[in-house]
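**Student:** based on what follows, work out the 3D shape:
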Amino acid sequence: MSVQIRRIAVNTGGGDAPGLNAVIRAVVLAGEELGWEVYGIEGSYDGLFLEDGVSRLDRMAVRGITHLGGTILGTTNRGNPLRWPVTQSDGTVSYEDRSDQVIRALADRGIDALVAIGGDGSLAIAHELFQKGLKVVGVPKTIDNDLAATNLTFGFQTAVETATDAIDRLHSTAQAHQRVMVVEVMGRNAGWLALFSGVAGTADVILIPEIPYDIEAVREKIESRYHIGRRGFAMVVVAEGAYPKGGQPHFKRRDGGQVRLGGIGEEVAAEINQLTGRETRTMVLGHLQRGGSPNAYDRLLSLRFGAAAVNLIRDACFGCMVALDPPDVLAVPLGQAISRVKTVPLESDVIHTARSLGICLGD
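**Tutor:** So this is what the prediction gives:
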């Protein structure tokens, strides 16, 4: 089945990830190959409500951007048209549903379909808009790799390399000072990033949300590291969503009271110092994991995803997300893609590898 398409739009929502620009470039080039006009919406859906927030993208506009980090369209994790913040005269904030305005704004510009690039939050918005009649196709993006229905999300492999490089660099200073280094990485409620970078970076301890940790097991592993050689040291990698047995994930409040994960690295470091007496330092990698150029794998995956999204529009396969099912890129329903958080299976090969290498997982 095919559908008459003249113009499509693309936007990027949620947190940035290496590879966004490569997806945009692929959408533009693949769209032009089909004779379509392609438009970019700035700041997720925000640009639809701005006079100059939607612009034509052609080959020249996306020339030389495949290797660039960030996104030429800008992004936001606050641009939810289903729950748009409105400040009242008394200073209080209420929320309204502007989804119908989004659909009208796209129709007024003659845009026939949308490519929505984002993580679970952005794709949930796309799914709601699809249910209201918008022709939309999703592209999975997150360094957390926690989207169901796809083997990998673009940005993840580059983030793993960034975190692994940081762990490598911290090894030398940890050994020089005989310290315990605790590295906190992103990942929200999934441990993919911590597990992959921790194993690749030869960490001694890796703590992930899927395995609530026992600090005593961590202490024992660290102490053993100081008894195997003259200059003992230890490397601990902690996912931001990790938490102790019987406890809860560690949250901190910022940005006007918005609750965010963070701070577990400092908590683990303080406990290690108290229990062992070893000098302990904390490094929170934070947004370093989001920045920089995508590696070759993520560039290729992003280009494949972008081209595949255009082909789904050509084939009238709306309400779907492109997904990697090695070696192929397939279409899966958006509802299936956002149905659950993809966490690390406890029987996965990488978990078994970590245990076989003697890495402590906190249990």
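**Student:** ranges for the helices of the protein?
**Tutor:** Applying DSSP state H to the chain gives helices spanning 20-33, 99-108, 120-131, 156-177, 192-200, 215-225, 264-276, 296-314, 334-337, 349-356.
**Student:** buried set for the fourth one?
**Tutor:** Neighbour-count burial for helix 156-177, with 16 or more other Cβ atoms under 10 Å as criterion, is recorded at 156-164, 166-167, 170, 174-175. No exception for glycine: its C-beta is placed from N, CA and C like everyone else's.
**Student:** tell me what Gly138 is bridged to.
**Tutor:** Gly138 has these beta-bridge partners by DSSP bridges: Ala116, Met321.
**Student:** closest to Ile264 among the buried residues of helix 156-177?
**Tutor:** For the buried residues of helix 156-177, the minimum distance to Ile264 (Cβ to Cβ) is 15.4 Å, reached by Ala163.
**Student:** so the closest one touches Gln289, yeah?
**Tutor:** Yes - checked against Cβ atoms under 8 Å, the pair Ala163 and Gln289 is within contact range at 5.9 Å.
**Student:** quick check: neighbours shared by the two?
**Tutor:** 185, 193 (Cβ atoms under 8 Å, 6 or more residues apart in numbering).
**Student:** format the buried residues of helix 156-177 as TSV; extra columns: distance to Trp192 and pLDDT.
**Tutor:** Shown next, in TSV, are those (distance: Cβ to Cβ, whole Å; pLDDT from 0 to 100):
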residue	distance to Trp192	pLDDT
Phe156	7	95
Gln157	11	95
Thr158	13	96
Ala159	9	95
Val160	8	96
Glu161	14	96
Thr162	14	95
Ala163	11	95
Thr164	13	96
Ala166	17	94
Ile167	15	95
Leu170	20	92
Ala174	24	88
Gln175	27	85
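**Student:** tell me which two of the residues you listed sit farthest apart.
**Tutor:** Every pair of the buried residues of helix 156-177 checked by Cβ to Cβ; the farthest is Phe156 and Gln175, at 28.9 Å.
**Student:** quick one: low-confidence ranges for the protein?
**Tutor:** For the chain, the stretches with pLDDT under 70 are 1-2, 79, 229-230, 253-259.
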